[in-house]
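Chemist: Prediction below, plus the sequence it came from.
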Amino acid sequence: MGAAPPDPAAAVSLPPPGKLKRLVQRIWWFHSFFALFFGVGVMLFARNGLAHADKLLMALFVSWLVMFIALRFIVGPANRKEKEHVARKGVRVVTNYIIKQFYQQMFFFLTPLYASSATWSTSSWNWWLAPVLLVCAVVSTMDLVFDNFIMERRLLASAMYGLAMFALLNVMLPLVVGLDHFTGLVIAAAATPASVAVLSFSIKQVLSPQGALLTVTLTGALLGGVWVGRRFIPPVPLAMTETAIGHGTHSSYECLPPSKHVLRSNQLDGLRCGSLLREPGGLKETVVHVWRHDGTIIDKITPTRVPCDGEGDVFVSTLPLERLPANPTGKWSCTTETYGGQLVGIRKFEVLQPVGEQPKLPEGYQPNSGSGSAAPGSGSATK
């Protein structure tokens, strides 16, 4: 049986792009790299930019209006005609460019704030937002991808914008309005679905019984998610820049206790935990120290603010001896949380047996021949 004759249509190849088109693509990629490096600069100076929070909040409002008008009347496949004038194409390019600038400003500004407030530990998962925001920031600088893929899919563009709006409101409400972090988180969660719905669909669709029910359902789901998973979202822009565990008597000018990673069970008098917290404009709510031993909560203490020089606020709590378990050896942690239950930071330490006592070895244990014996009371420091 002979092979089928080749399809003449398949043999026809598309003509290579012209020089002007290739030049335009190179210019866009060059602009993408420039925007990326500019965004890195925004990240480096993001903490100083908090002094201009009112202007950023205004930028959020303006960007929302631009996005609403753009997605409704200018950009996107639903607003594209078969024959368009050069002026309309130019308006679409300019509008896309303006939208991208707002995306970039939001995401690059938010990424280091969420990264600094997150607890980068295997015991915590509230750091996940920082890499997601960073990915969105990088994508927003890639002009060809943003124009031809993101903005051509209204739901994807709206979801990306919804993430930016939620993340920015979560920062700005405590910073500008002075709300506590959990209240700001709840308001941000309540405002995001309705805003995205109005942005993605017509007012008639949103106010229809099906649209209203869907919007209310999504709002309730997001509110329930942040209520249950508040520990997975950092209390931005609050950050714990330093923490320490100490014991014994207080020194004359002690601020944070002397840092210890390993303590002996007969030297736990004056066991205390200190946290250095920083937040622009001062703390918005009370913090709590949660003491845990081998994963079990031993005590929750409202720490005392210690007057110290320099930026930030130092909070110290002392665990009473009567609250210690009968056998305090094992893994310990002092977790700093907001009053609303959001995680600020964790300090881990270990309590070993008293000095001079050797740990109990498993039955039948035989030391390796020729190995030197460990010094009494030796132990490794863990965090």
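Modeler: Arrived safely, thanks for sending.
Chemist: Based on its surroundings, how many neighbours for residue 109?
Modeler: Neighbourhood size, residue 109 [other Cβ atoms under 10 Å]: 25. (Each C-beta comes from the backbone N, C-alpha and C, glycine too.)
Chemist: tell me which element it is part of?
Modeler: helix 86-117 (DSSP states H and E).
Chemist: tell me the mean pLDDT for that helix?
Modeler: Per-residue pLDDT over helix 86-117 has a mean of 75.
Chemist: And the strands in the protein?
Modeler: Secondary structure of the chain (DSSP state E): strands located at 239-246, 262-264, 272-278, 287-293, 296-301, 304-306, 313-318, 330-338, 343-352.
Chemist: Let's have those strands in a markdown table, adding mean pLDDT.
Modeler: Shown next, in a markdown table, are the strands of the chain (pLDDT from 0 to 100):
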| stretch | mean pLDDT |
| --- | --- |
| strand 239-246 | 93 |
| strand 262-264 | 93 |
| strand 272-278 | 94 |
| strand 287-293 | 96 |
| strand 296-301 | 95 |
| strand 304-306 | 93 |
| strand 313-318 | 94 |
| strand 330-338 | 95 |
| strand 343-352 | 95 |
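Chemist: can you tell which of those strands is closest to residue 108?
Modeler: strand 239-246 (17.9 Å; Cβ to Cβ).
Chemist: which residues sit against that closest one?
Modeler: 116-117, 119, 256-261, 263, 270-279, 312, 334, 336, 344-345, 347, 349 (Cβ atoms under 8 Å, 6 or more residues apart in numbering).
Chemist: in it, what's buried?
Modeler: Using 16 or more other Cβ atoms under 10 Å as the test for burial, strand 239-246 gives 239, 240, 242, 243, 244, 245, 246.
Chemist: can you check stretch 305-317 too?
Modeler: Neighbour-count burial for stretch 305-317 flags 306, 313, 314, 315, 316, 317 (criterion: 16+ other Cβ under 10 Å).
Chemist: just those residues now: which is nearest residue 340?
Modeler: If you rank those by distance to residue 340 using Cβ to Cβ, residue 315 comes first, at 16.0 Å.
Chemist: that older thread, residue 141: which of the strands of the chain is closest?
Modeler: Using Cβ to Cβ, the nearest of the strands of the chain to residue 141 is strand 239-246, at 26.0 Å.
Chemist: residue ranges of the helices in this protein, please?
Modeler: Along the chain, the stretches classed as helices by DSSP state H are 8-11, 19-44, 46-49, 53-69, 86-117, 129-141, 143-145, 154-172, 181-200, 203-207, 209-228.
Chemist: Residue 322: neighbour count?
Modeler: Residue 322: 5 neighbours (other Cβ under 10 Å).
Chemist: do residue 200 as well
Modeler: Residue 200 has 18 neighbours, counted by other Cβ under 10 Å.
Chemist: just use 21 as the starting number from now, easier for me
Modeler: Fine by me, first position is 21 from now on; the one you just mentioned is residue 220.
Chemist: can I assume it is in contact with residue 176?
Modeler: No: under the criterion of Cβ atoms under 8 Å, residue 220 makes no contact with residue 176, lying 10.1 Å away.
Chemist: follow-up on the earlier one: ok, which pair from the buried residues of stretch 325-337 is furthest apart?
Modeler: By the measure Cβ to Cβ, 333 and 337 form the most distant pair in those, at 13.6 Å.
Chemist: residue ranges with poor pLDDT in the protein?
Modeler: 21-113, 115-116, 376-403 (pLDDT under 70).
Chemist: how is it carved up into domains?
Modeler: Domain assignment for the chain by automatic domain parsing gives 40-252, 259-372.
Chemist: end to end, how far does the last one reach?
Modeler: Which is domain 259-372. End-to-end distance of domain 259-372: 31 Å, with Cα to Cα, to the nearest Å as the criterion.
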